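> mind folding the following:
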Amino acid sequence: MSRRKILSVVGARPNFMKVAPLHRALEEREGVDSQIVHTGQHYDEEMSDVFFRQLGLPEPDVYLGVGSGTHAEQTARVMTAFEEVVFEEEPDVVVVVGDVNSTVACSLVADKCQVPVAHVEAGLRSGDRTMPEETNRIVTDRLSEYLFATEPSGVENLRAEGIADEKIHFVGNVMIDSLVQFRKKAQQRSILEDLGLSGADYALMTMHRPSNVDQKEPLAEVVQMTRRLAEELDVVFPAHPRTQNRLKELGLREQIEAPGAHLLDPLGYLDFLCLMEEAAVVVTDSGGIQEETTFLQVPCLTIRENTERPVTITQGTNELVTLDPKVVVERAEDRLGQVRATNGRPDKWDGHAAERIAAILLGEG
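All right, here's what the predicted structure looks like:
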């Protein structure tokens, strides 16, 4: 019997947490050649190396090094480079995760080369077509042969869009697989002591979406939100390179400096997970963090008008909030006194999603 070759694509750091458990699950099975293709979409290679090392991932089998650029430039470079990989490797399946440009680019290439596409995190929809990620999600799902949904809304969305039931698989959340595996290790990190913090006396904040950081007016609101939160409790803000660059370019870097505000460079996975679990409240515009805080049962305020992950709202941990410093501080204060217990954790968010995906890809059972 010939070995089944599966190429898993990573492009940006959130992809690493999703591919790591799946790669391990595939490696544990006989007759499988699991390879990782790193497109290099995320340009901070030092941080990429940290994530690979902390997640126990091997060096990528293929590194494309496409770098940053406009959406069209980046997508085109990934497609051109990945096509050569597909021709050379002749995979049986291409696995893509999430909703970044690498995801849709590699899906297009695989589909045109008649290689089945497996989309991990399929069916998520915000309903907001101004988000580039929404376009990536929709196109990738139309091209995929295997659609692995993380929550019931994903299944419902795919059915509503006419995807055949036999292609849809509700498997749970591979990002939670990584969290479950590394949670104890993260709890042993010294990041709280390094920052002079103790548990539940600080807010953890991330902000990187173009709608919140690319223009001066919303970014100035982010700065004021940080300063006002810091009047109530410490604020730990590991800032995405995009956000840091905009703060400097728009002359807001010094304004964000205030007593109690800790503006940091991006952190490794374990340090960030440690901070997230111990935070009194998390303020973010990230998608994955909404899910992680739901599993950890940490209150989360999401600075967006919509979310493609509605299960985080129904579970009671996450709340959508407008970018208004006064409103955010009020909601954060309300959240501080809440008991963390919620409606429980979402179905199949149990640390075994990758095993279910591997079994389906390999036709087991």
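> can you tell me the closest non-neighbouring residue to C113?
Leaving aside its chain neighbours, C113 sits nearest to V86 (4.9 Å; criterion: CB to CB, 6 or more residues apart in numbering). Heads up, the C-betas are built off the backbone N, CA and C, glycines and all.
> and E46, what pLDDT?
pLDDT for E46: 56.
> same question for Q338.
Q338 is assigned a pLDDT of 66 by the prediction.
> now the element after the lowest-mean-pLDDT helix or strand in the chain, going C-ward?
When each helix and strand of the chain is scored by mean pLDDT, DSSP states H and E, helix 45-54 comes last, with a mean of 69. Proceeding N to C from helix 45-54, the next assigned helix or strand is strand 62-63, under DSSP states H and E.
> so A122 sits against E156, correct?
No - using CB atoms under 8 Å as the test, A122 is too far from E156 to be in contact (11.9 Å).
> so between these two, which is more surrounded?
Remark: of A122 and E156, A122 carries more neighbours, 28 against 15, as counted by other CB atoms under 10 Å.
> how about that one, phi and psi?
phi -80, psi 150 (degrees, to the nearest 10).
> residues in contact with it?
Contacts were defined as CB atoms under 8 Å, 6 or more residues apart in numbering; by that measure A122 touches R137, T140, D141, S144, L147, F148, A149, G154, L158, I168.
> what count of nearby residues applies to the second one?
Translated: T140. With other CB under 10 Å as criterion, T140 counts 25.
> quickly find the element holding it.
In this assignment (DSSP H and E), T140 forms part of helix 132-143.
> by contact count, what packs against that helix?
Judged by 3 or more CB pairs under 8 Å, 6 or more residues apart in numbering; DSSP states H and E, the packing partners of helix 132-143 are helix 101-112, strand 117-122.
> tell me the helix or strand right after that helix.
Scanning onward from helix 132-143 (DSSP H and E), the first element met is strand 146-149.
> and stretch 282-293, C-alpha only, in PDB?
Taking C-alpha atoms only, stretch 282-293 is exported to PDB below (Å, rounded to 0.1, in the frame of the first residue of the first chain):
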ATOM      1  CA  VAL A 282      -9.400  40.200  27.600                       C
ATOM      2  CA  VAL A 283     -10.000  43.000  25.100                       C
ATOM      3  CA  THR A 284      -9.400  42.000  21.500                       C
ATOM      4  CA  ASP A 285     -10.400  42.100  17.800                       C
ATOM      5  CA  SER A 286      -9.000  38.700  17.100                       C
ATOM      6  CA  GLY A 287     -11.000  35.700  16.100                       C
ATOM      7  CA  GLY A 288      -9.000  32.900  17.700                       C
ATOM      8  CA  ILE A 289      -8.800  34.700  21.000                       C
ATOM      9  CA  GLN A 290     -12.600  34.700  21.300                       C
ATOM     10  CA  GLU A 291     -12.500  30.900  21.100                       C
ATOM     11  CA  GLU A 292      -9.600  30.500  23.500                       C
ATOM     12  CA  THR A 293     -11.200  32.700  26.200                       C
END
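> most neighbours, which of the contacts of A122?
Highest count within the contacts of A122 by other CB under 10 Å belongs to F148, 29 neighbours.
> pretty sure that residue contacts V117?
No - assessed by CB under 8 Å, F148 is found out of contact with V117, at 11.1 Å.
> show me how this protein divides into domains.
4-173+348-361, 185-336 (automatic domain parsing).
> show me what the helix or strand hosting R331 is packed against.
Assigning secondary structure by DSSP H and E places R331 in helix 325-336. The helices and strands touching helix 325-336, judged by 3+ CB pairs under 8 Å, 6+ apart, are helix 216-230, strand 281-284, strand 300-302.
> after it, next one along is what?
helix 353-361.
> now the lengthiest helix in the chain and helix 101-112, what's the angle there?
If you go by DSSP state H, the chain has its longest helix at helix 71-89. If you take axes from the mean of the first three to the mean of the last three CA atoms, to 10 degrees, helix 71-89 sits at 50 degrees to helix 101-112.
> lovely, talk soon.
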